[in-house]
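**Q** Okay, here's the prediction I keep looking at, along with the sequence it came from:
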Amino acid sequence: MIQFNASLIYTIINLVIFYLLLKKFLFKPVMGIMEKREKMIADGLQNATDTQNEAKQLKADYEKALSGAKEQSSQIVDKAHAEAKKEYNRILSEANEKAGIMLENAKKTIEVERQQTMNTLQSEIAGLAMQAAKKIVDEKTENQGNKGIYDQFLEGVGEAHGNTDID
């Protein structure tokens, strides 16, 4: 069997003291370092997870902002097209209106010039007719009956043109 002698007791006491010393000076500091290291690793993993989640959130926000920007740019382009079309139609209608006014003015001017030309031609024709009548009457001035007709003709022609002084 086992004999208990003093050396065994000293060995057991030495082992217990050695265990307590190791526990105090080795196991506790090593366990503290291990716990700190474990905590640091856990914090690092937590920070990495938080950073990854934040990055995912930022990515989602940027994608949402990008799609919003695309929609907004599309709306801006559509609005610009609509405004350009509206401006085009306004300018076109103004041009058509001005062209219509110019055409109407040109027609009026042509009518006035035509009327003036007709008046001028009538005056010239009347003058030529009067000269022809005067020549005819001068040849037959001997006959007093013809002179009365001549004077009556000249009066009628003069009144038609507002010119009563005929020589």
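**A** Yep, that arrived.
**Q** Mind telling me what element the residue nearest to the spatial centre of the chain is part of?
**A** For the chain, the residue nearest the mean C-alpha position is residue 80 (2.9 Å; Cα atoms, centre = their mean). Using DSSP states H and E, residue 80 maps to helix 28-139.
**Q** and that helix, how far out from the chain's middle?
**A** Helix 28-139 sits 4 Å away from the centroid of its parent chain (Cα atoms, centre = their mean, to the nearest Å).
**Q** For residue 74, see how far away the residue nearest to the centre of the chain is.
**A** Shown here: residue 80 relative to residue 74, a distance of 11 Å by Cβ to Cβ, to the nearest Å. Backbone N, C-alpha and C define where each C-beta goes, glycine included.
**Q** Same check on residue 38?
**A** 53 Å.
**Q** Could you do residue 23 as well?
**A** 72 Å.
**Q** Then residue 33?
**A** 60 Å.
**Q** Same check on residue 14?
**A** Distance from residue 14 to residue 74, by Cβ to Cβ: 86 Å.
**Q** re earlier: which helices and strands does the helix holding residue 80 pack with?
**A** Judged by 3 or more Cβ pairs under 8 Å, 6 or more residues apart in numbering; DSSP states H and E, helix 28-139 is in contact with helix 144-160.
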